[in-house]
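Asks: Kindly generate the corresponding structure for this input.
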Amino acid sequence: MLKSMTAAITALSLTFATMTPAYAQGLDREDVGKLLIGLAAAAVIGSAIEQNNRRAEPATPARNTQQWNGINRNNGWSDLSRQEERSRQNRRTLPYACMRHVETRFGTQRMFGKRCLENNYRFASRLPERCAVRVWTSNGPRNGFDPLCLREQGYRTDRHN
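Replies: Okay, here's the model as predicted:
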């Protein structure tokens with residue numbers, strides 16, 4: 001509002017400065033009335049623009065958690081995050097029964113068998129490719145996944161030992 005008033009006063013002073021000296025000598029009532037109406041209109045327009053700009057700014061409502069604490073506790077919504085967390089943990093839990101100890105000419109290697117995981121682990125197709133290994137044994141190649149690599153990627157086994 002202050003900016004629009006300043007602009008109106010500046011415009012008014014420039015108008016008076018550019019007037020011819022004969023006209024500037026006297027203002028009658030009609031000219032003063034027009035001048036006041038123009039200033040009032042400029043103030044109203046400036047105020048409306050300022051209010052519109054205030055409404056355009058998004059207001060973030062503050063959450064009052066105490067108000068909603070005891071309402072609808074048994075509707076199941078509060079357990080969703082725990083259910084999602086359990087589901088995420090289950091997705092990352094590999095069956096220990098698929099752990100294989102494979103004899104190679106370099107010694108015993110541990111790995112999760114690929115076929116066993118495909119049969120016993122629902123998300124076997126989502127395992128990281130970087131953890132896939134192929135080990136050569138006396139019986140031919142064995143495909144699987146490196147357990148240390150899987151552990152680094154956040155996977156665990158269902159056996160907690």
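
Asks: For the closest residue to Pro147 other than its chain neighbours, give the beta-bridge partners.
Replies: Closest residue to Pro147 apart from its sequence neighbours, by C-beta to C-beta, 6 or more residues apart in numbering: Arg110 at 5.6 Å. (C-beta placed from N, C-alpha, C; glycine too.) Arg110 has these beta-bridge partners by DSSP bridges: His101.

Asks: For Arg110, which residues are in contact?
Replies: For Arg110, the contact set (C-beta atoms under 8 Å, 6 or more residues apart in numbering) comprises 99-102, 147.

Asks: PyMOL command for the buried members of these?
Replies: In PyMOL, this line selects whichever of the contacts of Arg110 come out buried by 16 or more other C-beta atoms under 10 Å:
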select buried, resi 99+100+102+147
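
Asks: State the pair within the contacts of Arg110 that is farthest apart.
Replies: Across these, the longest distance by C-beta to C-beta is 11.9 Å; it joins Val102 and Pro147.

Asks: Now do the same contact list for the nearest residue to Gln153 once chain neighbours are set aside.
Replies: Leaving aside its chain neighbours, Gln153 sits nearest to Pro128 (5.3 Å; criterion: C-beta to C-beta, 6+ apart). By C-beta under 8 Å, 6+ apart, the residues touching Pro128 are 149-150, 153.

Asks: tell me the pLDDT at Pro128?
Replies: The confidence metric pLDDT takes the value 93 at Pro128.

Asks: do Met19 as well
Replies: pLDDT, Met19: 58.

Asks: Narrow the contacts of Pro128 to those in helices?
Replies: Counted as lying in helices by DSSP state H, out of those, are 149-150.

Asks: Narrow the contacts of Pro128 to those that are buried.
Replies: 149-150.

Asks: ok, the contacts of Pro128 vs Ile49, which is closest?
Replies: Among the contacts of Pro128, and counting by C-beta to C-beta, the member closest to Ile49 is Gln153, at 56.1 Å.

Asks: wait, doesn't that closest one sit right on Cys131?
Replies: Yes - the pair Gln153 / Cys131 is scored as a contact, 6.5 Å apart, by C-beta atoms under 8 Å.
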